[in-house]
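In: sequence and computational prediction follow.
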Amino acid sequence: MHRGQRRSPHMGLMLLASSLFQVGLDNIPPVTLGVLALNAYLYLFPAAPLLKACVSVQQAYWYKDWRRLVLSPFHHVDDWHLYFNMVSFLWKGMKLERRLGGAWFLYLLSVLSLLTGVLYLALEFLLTELTDDQSYSTACAVGFSGVLFGLKVINNHYHPGGVTHVMGVPVSNRYASWAELVLIHITAPGTSFVGHLAGILVGLLYTAGPLKTAMKKCAELVSSSGFSSRLGGSFSSFSSFSSSGSSGYRGTERDHSGNFQHSPDYTRAHTAPYTGGLTEDEQLQAAIRNSLNDRGQAQQRGAPPPYGFHLPDDASAEEIRQRRLRRFDS
């Protein structure tokens with residue numbers, strides 16, 4: 001979630017498109033690709049102005065404008081806000097959708113988007129009551145990053161172990177979300193601390209069991225009503241992927257704050273002849289690096305810096321050279 005004013009340049013949007021094409025649209029699962037397209041579409045053709053899409057206690061609760069709970073996650077302050085959120089979602093979505101299946105992943109995204117907003121309102125209302133400071137009730141948040149924090153918690157749950165490097169400091173994945181929550185708030189004051197915290201808490205509700213159990217019960221009701229058969233039985237096997245172990249697609253993540261995340265059992269599996277020996281995760285990282293290199297050149301020409309995010313360090317020239325040599329050798 002983010003607070004601020006929208007800027008006009010579309011360099012971030014072009015870099016997002018470049019990242020998608022370098023990864024390959026055929027390599028992106030359909031729900032992930034659809035949500036990316038929805039966010040981009042609503043950036044170009046917003047369903048409502050930002051001041052009428054953002055969510056706050058004042059607007060949603062006092063004035064009963066509940067549609068903001070639906071609109072706020074899918075609208076962004078500017079193209080850089082959209083770019084960094086969607087690049088982060090691209091990686092998380094590819095991993096989680098492959099693990100959970102498209103129908104459950106779409107279900108999970110819908111619940112996360114709604115509950116993150118609801119919990120954000122509850123926390124802001126509580127802060128207003130405790131501090132008697134009305135600024136908490138009028139703080140209006142917008143953006144997908146609250147949902148991203150929830151997805152990060154869930155992803156770390158399904159892929160336990162490993163380390164995230166936060167500002168060069170190794171942090172266990174179990175605590176990485178909390179470290180990034182504090183770091184982003186310090187380095188980017190315009191971001192919504194409470195919105196990100198709400199995402200983490202909703203993610204914990206899912207991984208701890210209560211939310212996932214409630215979702216299973218709802219899915220069972222939908223299945224028993226016959227709606228599942230009209231979807232081709234997509235929900236009928238939810239128990240198999242929601243309760244399975246930690247096996248699945250693993251690799252190296254660059255999260256939304258630009259930090260690398262490593263899993264201890266990272267392998268070079270799932271390669272294909274046309275990839276030059278690179279896994280899909282490595283192809284994605286290469287695409288993001290290329291886009292960020294382009295972005296850095298654009299900034300040197302006077303493009304505005306990203307708003308509310310810490311920039312990642314690009315790979316060294318020697319690393320890129322060695323990778324190219326390995327590809328030619330293969």
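Out: Perfect, thanks for sending it.
In: residue 71 is in contact with residue 53, correct?
Out: Yes. Shown here, residue 53 and residue 71 form a contact pair, counting by CB atoms under 8 Å, at 4.2 Å. Glycine gets a C-beta too; all of them are placed from N, C-alpha and C.
In: between those two, which contacts overlap?
Out: Here residue 53 and residue 71 have residue 47 as joint contacts, going by CB atoms under 8 Å, 6 or more residues apart in numbering.
In: angles on the backbone of residue 45, please.
Out: Residue 45 has phi and psi values of phi -130, psi 70 when expressed as degrees, to the nearest 10.
In: quick one: secondary structure of residue 133?
Out: Under DSSP: H, G, I helix; E, B strand; the rest coil, the three-state class of residue 133 is coil.
In: dump the residue contacts of the residue lying closest to it once chain neighbours are set aside.
Out: The shortest distance from residue 133 to any non-neighbouring residue, by CB to CB, 6 or more residues apart in numbering, is to residue 127 (7.2 Å). Contact analysis of residue 127 by CB under 8 Å, 6+ apart lists 133, 136, 194.
In: mind listing what's buried in the host helix or strand of residue 127?
Out: Using DSSP states H and E, residue 127 falls within helix 102-131. Residues of helix 102-131 classed as buried by neighbour count (16 or more other CB atoms under 10 Å): 103-109, 111-113, 115-117, 119-121, 123-124, 127-128.
In: what does the following helix or strand past that helix contact?
Out: Per DSSP H and E, helix 102-131 leads on to helix 135-138 as the next helix or strand towards the C-terminus. By CB under 8 Å, 6+ apart, the surrounding residues in contact with helix 135-138 are 56-58, 62, 124-125, 127-128, 194.
In: now render those residues as a markdown table, adding distance to residue 182 and pLDDT.
Out: Formatted as a markdown table, the contacts of helix 135-138 follow (distance: CB to CB, whole Å; pLDDT from 0 to 100):
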| residue | distance to residue 182 | pLDDT |
| --- | --- | --- |
| 56 | 23 | 94 |
| 57 | 24 | 95 |
| 58 | 27 | 94 |
| 62 | 30 | 94 |
| 124 | 19 | 95 |
| 125 | 23 | 95 |
| 127 | 17 | 94 |
| 128 | 22 | 94 |
| 194 | 13 | 91 |
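In: nearest to residue 18 among the residues you listed?
Out: For the contacts of helix 135-138, the closest approach to residue 18 (CB to CB) belongs to residue 194, at 33.0 Å.
In: dump the residue contacts of the closest one.
Out: By CB under 8 Å, 6+ apart, the neighbours of residue 194 are 120, 123-124, 127, 136, 139, 141.
In: helix or strand: which one has it?
Out: helix 193-208.
In: how about that helix: buried residues?
Out: The neighbour-count check on helix 193-208 (16+ other CB under 10 Å) flags 193-206 as buried.
In: related to what we said a few turns ago, so how far is residue 121 from the residue nearest to residue 133?
Out: Distance of residue 127 to residue 121, computed by CB to CB, to the nearest Å: 11 Å.
In: and if you look at residue 172?
Out: Remark: distance between residue 172 and residue 121 (CB to CB) = 31 Å.
In: residue 13 is in contact with residue 39, isn't it?
Out: No. Between residue 13 and residue 39 there is no contact under CB under 8 Å: 10.5 Å.
In: overlap in contacts, these two.
Out: With CB under 8 Å, 6+ apart, residue 13 and residue 39 have common neighbours residue 82.
In: for this protein, give me the ranges with low pLDDT.
Out: Along the chain, the parts satisfying pLDDT under 70 run over 1-9, 226-330.
In: picking that back up, list just the nearest of the buried residues of helix 193-208 to residue 145.
Out: Nearest to residue 145 among the buried residues of helix 193-208, with distances taken as CB to CB, is residue 196, at 6.3 Å.
In: list the contacts for the closest one?
Out: Contact partners of residue 196, counting by CB under 8 Å, 6+ apart, are 1, 145-146, 149, 181, 184-185.
In: reformat the residues you listed as a markdown table; add neighbour count, secondary structure and distance to residue 157.
Out: Listed next are the contacts of residue 196 as a markdown table, based on neighbours: other CB atoms under 10 Å; DSSP: H, G, I helix; E, B strand; the rest coil; distance: CB to CB, whole Å:
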| residue | neighbour count | secondary structure | distance to residue 157 |
| --- | --- | --- | --- |
| 1 | 33 | coil | 22 |
| 145 | 29 | helix | 19 |
| 146 | 33 | helix | 18 |
| 149 | 30 | helix | 13 |
| 181 | 18 | helix | 17 |
| 184 | 21 | helix | 21 |
| 185 | 16 | helix | 23 |
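In: so which pair among these is furthest apart in space?
Out: Maximum pairwise distance in the contacts of residue 196, criterion CB to CB, is 13.1 Å, between 146 and 185.
In: quick one: contacts for residue 25?
Out: Applying CB under 8 Å, 6+ apart, we find residue 25 in contact with residue 33.
In: how close does residue 27 get to residue 34?
Out: As for residue 27, its distance to residue 34 is 15 Å (criterion: CB to CB).
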